[in-house]
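Undergrad: Build me a structure from this.
(one chain, ligands or ions: 2)
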Amino acid sequence: MSMNSEQHAHSDFLRAFSQGNSPQDDMPTYWDINELVANLKKLTQQSLQQRTSPPDFMSDVQKDRNDYDRDTNFRIGESMPVSGDNFRQGFLLRKPNSNSVSTKRCSNTSTFFAKTFGGKSEVMLSEIWKEWYRKHCKTEANQKCDENNRYASANGSCNNLDHPSLGVANSNQGRYVPAEYNDGFNEPRSYGKYGTKLPEPRVISNMLFKPQKSTKLSQDLTILHMAWGQFMIHDVIKTPISKGVKGSDIQCCDENGGNSPDCFSLSIPPNDPYFSNDRRCLNFVRSLPGKPDEDLPGIREQINEVTSFLDGSVIYGSSEEQMKDLKMGYKGLLATKECPFSQRVSNFMRKPPIETEGCRTLAKGPDTPCLVLSKGDYHDYCQKSGDKRVNVVPNLCALHNLFMRYHNRMAERLAQANFISWSSDQLFEETRKIVTAILQHVTYNEYLPLVIGKKNMIKYELFSAETGFDTVYNKMVDATVKNSFGAAAFRFGHSQITNFQSRMNSQYYRYSETPIEQTFNRPRMCTAQHGENIPDLLRWLFTDKSAEADRYFESGVRDKLFSKQQGKTLDLPAINIQRGRDHGLPGYNAFRRWCNLAVGYSFGRRNTWSLSDHSYSNTRLLRKIYRHPDDIDLFVGGISENYLTDGVVGPTFACIIGRQFRDIKLGDRFWYENKFTVTGFTLDQVNEIKKVKLSQVICEGSDVNSVQENALKAPSSENPRRECSDFPNIDLNKWKVPANGETFTIFGKTYQKNGGIV
Ligand code: HEM
Ligand SMILES: [Ca+2]
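TA: Ligands and ions are numbered 1, 2, ... in the order given. Below is the predicted model:
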């Protein structure tokens with residue numbers, strides 16, 4: 001294929017970019033879009049010419065399926081059933097260690113794919129093949145894993161010892177339901193069941209997402225519930241979007257814009273309630289296509305830049321280089337902002353024993369992500385952390401700083417608890433391991449039950465055991481984050497965002513309130529005064545209530561979402577709809593079917609064919625928007641459902657979220673409850689971790705003096721605010737090498753009383 005110079009520059013950039021990102025891979029991770037499309041077209045044509053009857057491996061699939069026994073462990077990643085779930089037709093299930101692998105089929109993959117590629121039923125077939133191929137054929141021979149490494153790798157590789165690249169940063173996102181692109185493989189989903197164009201996202205947003213009156217607040221959830229959702233989800237998903245020449249941002253609404261194959265901008269309808277009539281276009285750039293999947297080369301996939309495991313990558317980064325860059329380099333600490341001695345925060349402001357911190361805020365990062373940098377203002381700077389989105393809003397900045405400081409305090413206390421002097425790296429790694437365990441514990445036991453409710457927590461086996469170990473690891477489960485989860489279901493949290501970012505002083509007086517649109521990409525509100533604002537932000541987060549997670553989105557994000565072009569603000573929930581189409585997410589009903597929930601066939605009032613989880617008034621609105629229930633975008637259908645009595649989402653999002661968090665837990669060899677000798681904690685240690693609550697992390701990692709026990713729920717008589725001194729701190733003596741006693745083994749090494757390694 002001939003390319004013009006701009007296209008060459010583009011693909012050079014992508015190739016150069018990819019080299020740093022996928023060291024074990026000699027193929028570029030990111031492909032030039034034009035090249036990709038041309039390849040895909042060729043493939044489709046070939047496949048259409050060569051279409052033949054289904055291949056004979058189907059009989060194997062059927063046989064394997066018949067072998068499946070619900071009560072045993074014969075399961076494969078995505079096809080893993082949960083009680084009550086239907087099996088999607090076409091999934092391959094097989095016994096682990098089955099030897100029925102035909103290497104001949106493995107070597108013959110590309111022609112095979114060509115044959116299976118095409119119409120919908122054949123895509124389904126490819127899905128079966130994809131599972132089969134991944135389990136039987138992929139060798140991943142180049143990857144050498146040390147199963148005795150106590151610590152997880154930075155990029156997630158070798159978590160799964162049989163398939164070392166599962167869940168790794170910069171690999172493709174997975175899917176629960178096969179993609180539905182316009183042309184079957186690349187163009188965004190744009191047409192409905194009757195062949196008419198799907199409605200414009202901004203039109204849908206105006207009809208369904210625009211609040212009628214003032215913000216409806218949650219009954220009992222604090223803004224911290226929203227903020228935790230955002231912070232935690234940045235640990236598991238980040239989707240890169242396509243870039244222009246030399247990595248520049250593509251502007252699809254500019255005069256000459258829109259020609260790029262990566263543009264998929266949104267139209268603004270006439271007489272829009274917010275955007276003036278001279279604006280007709282909202283910028284939208286398509287997500288970067290992933291390396292064509294070896295398993296399924298015909299179909300456009302998206303990338304996840306971060307590790308799919310809930311492994312602290314939001315704090316520590318998703319590659320070795322990034323993690324190295326975030327280390328202070330001594331005493332196991334994370335880097336903080338350098339500052340001259342005179343500007344250091346005086347010691348009385350901090351609780352002992354932090355002696356080694358420089359300033360109390362995160363280290364300085366590159367200037368580029370931040371919008372306004374008042375040059376020369378010492379307190380206004382762009383931070384760096386494990387996740388590049390740290391500067392997006394102050395509520396996020398507060399949690400990033402909290403966890404950096406929590407890590408540093410713990411590293412110091414861990415050093416003090418031990419008479420064996422650990423190296424800085426060992427201290428860093430063990431602290432990272434404990435902090436990650438706490439991140440998992442808080443998310444699964446405090447945060448998630450409030451999202452999907454108790455019944456779903458039990459159904460998907462998400463609660464931790466109350467005490468002790470619970471070895472849930474299953475190497476057949478693939479933790480990889482799925483497209484429907486990242487591009488739709490978990491974006492429910494955008495509805496919890498309020499219009500203001502605030503601060504409260506130690507008397508819980510709200511002394512500052514800033515419209516959220518003035519805080520986007522402006523870290524100053526958080527970084528000012530060497531981070532003295534951070535406890536004030538935290539107090540606001542665990543005191544004020546979040547917005548209700550309903551179908552309404554505040555103007556701060558629905559009309560005024562940041563944009564690098566000043567004044568050209570965006571609509572976040574409308575972007576969510578467009579992102580789903582960009583990623584080829586099938587419609588709402590396809591996911592209802594997959595979740596074994598009733599499928600809606602009409603927009604009628606309550607009857608067996610109507611939308612069974614929508615109020616009639618929401619159904620009527622959907623009827624005005626869509627021609628058929630099959631056309632409903634997943635984000636729209638999910639966010640407008642009646643929510644569960646003890647959760648903040650409806651049944652469809654609860655199903656996708658429950659299933660995804662199950663994959664993340666069961667598919668993680670380093671899950672904190674696993675009883676594994678070298679990679680796991682001791683019984684005493686696990687029990688210590690299980691005592692930790694988010695409120696305690698806040699007490700330990702900031703200058704806040706009192707907080708209610710459940711910080712995600714507003715203070716009340718059942719959840720009263722208590723002094724931090726009342727909260728037990730994690731007892732790091734459980735990490736102490738005993739001072740007297742015989743030899744003992746810890747972290748896979750045997751020690752003796754005098755501290756030497758035997
Ligand atoms: C002030 C708070 C927040 C802001 C300003 C914000 C903004 C954004 C933006 C601009 C995107 C990219 C949209 C796109 O181009 O597709 C995004 C993605 C996303 N957001 Fe938020 N968000 C916030 C809070 C939350 C919360 C509370 C949650 C969940 C509880 C959440 C979940 C997600 C998810 C899952 C994605 C997709 C990430 C990816 O694939 O890269 N966000 N958000
Ligand atoms: Ca991660």
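
Undergrad: Could you chop the chain up by domain?
TA: Domain ranges of the chain: 5-139, 166-240+287-304+418-758, per automatic domain parsing.

Undergrad: host element of whichever residue of the stretch 551-700 of the chain sits closest to ligand 1?
TA: Nearest residue of the stretch 551-700 of the chain to ligand 1, counting by Cβ to the nearest ligand atom: Arg579, 3.9 Å away. The way it works is simple: take the backbone N, C-alpha and C, and place the C-beta from them, glycine included. Assigned by DSSP states H and E, Arg579 belongs to helix 572-582.

Undergrad: Show me what that helix is packed against.
TA: Packed against helix 572-582 by the contact rule (3 or more Cβ pairs under 8 Å, 6 or more residues apart in numbering; DSSP states H and E) you find helix 201-204, strand 266-267, helix 483-487, helix 555-558, helix 634-639.

Undergrad: Could I get the average pLDDT for it?
TA: pLDDT averaged over helix 572-582 equals 98, rounded to a whole number.

Undergrad: which outside residues touch it?
TA: For helix 572-582, the surrounding residues in contact (Cβ atoms under 8 Å, 6 or more residues apart in numbering) are 188-190, 198, 201-202, 204-205, 209, 264, 266, 282, 284, 286-287, 487-488, 491, 494-495, 553, 557-558, 561, 633-636, 639.

Undergrad: mind putting the helices and strands packed on helix 572-582 in CSV, distance to Ser385 and mean pLDDT included?
TA: What follows is the helices and strands packed on helix 572-582, written out as CSV (distance: least, Cβ to Cβ, whole Å; pLDDT from 0 to 100):
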stretch, distance to Ser385, mean pLDDT
helix 201-204, 31, 98
strand 266-267, 31, 96
helix 483-487, 20, 98
helix 555-558, 22, 96
helix 634-639, 28, 98
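
Undergrad: and those as TSV, adding distance to Leu666 and mean neighbour count?
TA: Shown next, in TSV, are the helices and strands packed on helix 572-582 (distance: least, Cβ to Cβ, whole Å; neighbours: other Cβ atoms under 10 Å):
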stretch	distance to Leu666	mean neighbour count
helix 201-204	35	22
strand 266-267	38	18
helix 483-487	15	26
helix 555-558	33	23
helix 634-639	24	28
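
Undergrad: so how far is Val245 from Tyr316?
TA: Using Cβ to Cβ, to the nearest Å, one gets 33 Å for the distance from Tyr316 to Val245.

Undergrad: So which of these two has more stuff around it?
TA: Tyr316 (27 against 14; other Cβ atoms under 10 Å).

Undergrad: so the more buried one touches Ala154, yeah?
TA: Yes - assessed by Cβ atoms under 8 Å, Tyr316 is found in contact with Ala154 at 6.8 Å.

Undergrad: list residues touching both of these two?
TA: 322-323.

Undergrad: And the helix ranked longest in the chain, what does it pack against?
TA: Longest helix in the chain by number of residues (criterion: DSSP state H): helix 394-417. Where contact means 3+ Cβ pairs under 8 Å, 6+ apart, helix 394-417 is packed against helix 223-236, helix 313-316, helix 424-442, helix 524-527, helix 533-541, helix 694-701.

Undergrad: Touching the last one from outside, list them.
TA: This points to helix 694-701. 224, 228, 402-403, 405-406, 409-410, 438, 442, 446, 538, 542, 704-705, 707-712, 724, 727-730.

Undergrad: how about a cut-off of 6 Å?
TA: Helix 694-701 is contacted from outside by 402, 405-406, 409, 442, 446, 538, 704, 707, 709, 711, 724, 727, using Cβ atoms under 6 Å, 6 or more residues apart in numbering.

Undergrad: Show me which of those is closest to ligand 2.
TA: Val442 (14.9 Å; Cβ to the ion).

Undergrad: those strands in the protein, which residues are they?
TA: Assigned by DSSP state E, the strands in the chain fall at 171-172, 217-222, 266-267, 281-282, 303-304, 500-504, 510-515, 545-547, 706-708, 721-723, 744-746, 749-751.
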